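In: just to be clear, the model below is a prediction. Sequence and coordinates:
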Amino acid sequence: MKAYTIKALHENMDALEQQEVTVEGWIRNSRAQKAFGFIDLNDGSKLSGVQIVYEKDTVDNFDAIAKVHIGAALRVNGTLIKTPSMKQPFEIKASTVEIVGPSRADYPIQPKRHSREFLRENAHLRARTNLFTAVFRVRSILTHAIHRFFQERDFMHVASPIITASDAEGAGELFKVTTLDLTEVPKDKDKTVDFRKDFFGKKANLTVSGQLQAEIFAQAFKNVYTFGPTFRAEKSHTATHASEFWMIEPEIAFADLNTDMDLAESMVKYLIDTVLKEASEEIQFFDRFVSKGLVKKLKNVVEKPFVRITHKKAVDILKAAKQDFENTPDYQDDFAKEHEKYLVSHFDAPVFVTDWPKDIKAFYMRLNDDGQTVAAMDLLVPGAGEMIGGSQREERLDVLKQRMEAMGIPEEELWWYLDLRMYGSTPHAGFGLGFDRMLMYVTGVENIRDVIPFPRTPKQCEF
């Protein structure tokens, strides 16, 4: 008999009532008495599992089942019985229970509360807990929703390279890629590494962004997006930084900053609305056990229009605030977390901050007519601060060259990026959304290490 998923049993329990069914999964909890026992079985298809009731008079291997340990894999045949007066809507009265994969008594994930640190050390097993079952299912739903959002709007997906010779952000925090023998590194006459003898014949690194490649395709397909892994060799140990993370980076041609913000607002609302609808059980779980008020916070983002203010106006608001900040707001500086928190609280809504000082933003952002600011935007959201960073790109060749020179970026490394500006360049814009931080936001989970299946951080590359 073909096994049902637990999700399918929930969806079809009326039709399957009093019917013989088969279900497969792993034991989350087990309680055995002299004549009968209960097993909480979960197969990963749904946050909640199914209760298996087995009796000595009906199950041949009753004694073996009563002794089976948490974590064991079972195949159960039995009758589905609705239980409207109990906590669960139905249970399965077992006729046969097969131990597919036994588990040892020292199985680490026992039915009790474990610390997040302990679960990270057991990342190969933590997906079997309620918290991580919920987190990683929401991650899957959100992944699909991203592609669906852009595909429904005729955006083309671009597979940007993982290995590249460019540093889109100019930050220099790169993971270098090489096949050179590190015990005998070839050197030039000036004692520097001779990368001409390396695999690619030049310096190469893991990508920090797919933006520049997306800009290439936007000048051929108009509306495109990338969605893939990016890497930063930043030795940060904060709860919001990881060395490997996924980025969503759309790029739109014939577009300005306002069009860019329209797209970003639509996308954020779409993603949150999708999770609220398609992962309602998980979101309710997070609201109850992880982040009180999560549902209200998420609905607030979906239902309210996003505010748009300039960086100067934002600083004006901060300076007029009737509270003291640890970091004094300045017209030439970025915002501290306390500033972002105040701004979203002030408007009680997500806030786009635009027109940033040019000296604190990337070289590719379009210089405004005032010569002092760039057409950039950051999206600040309640409970998280900055979620999205984007800009209108500099399409004017002469201005782009001036910006690169001022920021010390060699033209020869990005000759192709400059080349684009000579052959039918259009005003275009785009943004980046850190997928893992978005996942933190919709789940209320406060540490990025707990929304990535196998997190990569300084000194951590297990599994």
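Out: Now that the structure is in, tell me what you want to look at. Residues are numbered from 1 along each chain as shown.
In: show me what contacts Pro250?
Out: Phe150, Phe155, Ala214, Asn223, Val224, Tyr225, Thr226, Leu263, Met267, Gly430, Phe431 (C-beta atoms under 8 Å, 6 or more residues apart in numbering). (Glycine included, C-beta is placed from N, CA and C.)
In: does it belong to a helix or a strand, and which?
Out: For Pro250, the element it lies in under DSSP states H and E is strand 244-253.
In: swap in Val185?
Out: Assigned by DSSP H and E, Val185 belongs to no helix or strand.
In: who does the residue nearest to it when sequence neighbours are not counted bridge with?
Out: Spatial nearest neighbour of Val185, chain neighbours left out: Val193 (5.7 Å); criterion: C-beta to C-beta, 6 or more residues apart in numbering. Bridge pairing for Val193 (DSSP bridges) gives the partners Lys187.
In: ditto for Lys93
Out: Note on Lys93: beta-bridge partners Val53, Thr79, judged by DSSP bridges.
In: tell me where the stretch 351-463 of the chain has strands.
Out: Counting by DSSP state E, counting those that start in this stretch, the stretch 351-463 of the chain has strands at residues 351-357, 373-381, 385-392, 428-434.
In: what's the least confident stretch among those strands?
Out: Lowest mean pLDDT within the strands of the stretch 351-463 of the chain: strand 385-392, a mean of 94.
In: chain center to it, what's the gap?
Out: 15 Å (C-alpha atoms, centre = their mean, to the nearest Å).
In: next, the buried residues of that strand.
Out: For strand 385-392, a neighbour-count test (16 or more other C-beta atoms under 10 Å) marks Gly385, Glu386, Met387, Ile388, Gly389, Gly390, Ser391, Gln392 as buried.
In: now those in a markdown table, with distance to Val374?
Out: Converted to a markdown table, those look like this (distance: C-beta to C-beta, whole Å):
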| residue | distance to Val374 |
| --- | --- |
| Gly385 | 20 |
| Glu386 | 16 |
| Met387 | 19 |
| Ile388 | 16 |
| Gly389 | 12 |
| Gly390 | 11 |
| Ser391 | 6 |
| Gln392 | 8 |
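In: what residues sit buried inside stretch 22-37?
Out: Across stretch 22-37, burial judged by 16+ other C-beta under 10 Å covers Val23, Glu24, Gly25, Trp26, Ile27, Arg28, Ser30, Ala32, Phe36, Gly37.
In: show me these that map onto strands.
Out: Within the buried residues of stretch 22-37, residues falling in strands by DSSP state E are Val23, Glu24, Gly25, Trp26, Ile27, Arg28, Ser30, Ala32, Phe36, Gly37.
In: which one of those is nearest to Arg113?
Out: Within those, distances to Arg113 taken as C-beta to C-beta reach their minimum at Arg28, with 13.7 Å.
In: show me what contacts that closest one?
Out: Arg28 is in contact with Asp40, Leu41, Asn42, Gly49, Ile70, Pro111, Arg128, counting by C-beta under 8 Å, 6+ apart.
In: the first one and Arg75, how far apart?
Out: As judged by C-beta to C-beta, to the nearest Å, Asp40 and Arg75 stand 16 Å apart.
In: repeat for Gly390
Out: Noted for Gly390: a distance of 50 Å to Arg75, by C-beta to C-beta.
In: any stretches of the protein with poor pLDDT?
Out: 168-172 (pLDDT under 70).
In: what about the helices in it?
Out: For the chain, applying DSSP state H gives helices covering 6-11, 13-16, 62-67, 116-121, 130-152, 211-221, 257-278, 280-289, 294-303, 311-320, 337-347, 397-406, 415-420, 435-443.
In: hey, which of the ones you listed is tucked in deepest?
Out: Counting by mean count of other C-beta atoms under 10 Å, helix 435-443 has the highest mean neighbour count of these, with a mean of 24.
In: counting by contacts, list what it packs against.
Out: Helix 435-443 sits against helix 130-152, strand 244-253, helix 257-278, helix 280-289, strand 385-392, with contacts defined as 3 or more C-beta pairs under 8 Å, 6 or more residues apart in numbering; DSSP states H and E.
In: got JSON lines for the ones you listed, with distance to Met86 too?
Out: Formatted as JSON lines, these follow (distance: least, C-beta to C-beta, whole Å):
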{"stretch": "helix 130-152", "distance to Met86": "19"}
{"stretch": "strand 244-253", "distance to Met86": "41"}
{"stretch": "helix 257-278", "distance to Met86": "27"}
{"stretch": "helix 280-289", "distance to Met86": "18"}
{"stretch": "strand 385-392", "distance to Met86": "42"}
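In: out of these, nearest to Gln460?
Out: strand 244-253 (10.5 Å).
In: so in that sheet, which strands flank that closest one, and in what orientation?
Out: With DSSP bridges as the test, strand 244-253 pairs up with strand 223-231 (antiparallel), strand 428-434 (antiparallel).
In: hmm, back to that, go ahead and confirm the residue nearest to Val185 touches Leu182.
Out: No - using C-beta atoms under 8 Å, Val193 is not in contact with Leu182; the gap is 10.3 Å.
In: who's more crowded, these two?
Out: Applying other C-beta atoms under 10 Å to Val193 and Leu182 shows that Val193 carries more neighbours, namely 15 against 7.
In: list the residues that contact the more buried one.
Out: With contact taken as C-beta under 8 Å, 6+ apart, Val193 is in contact with Leu180, Val185, Pro186, Lys187.
In: if anything else comes up later, I'll come back, but that's it for now.
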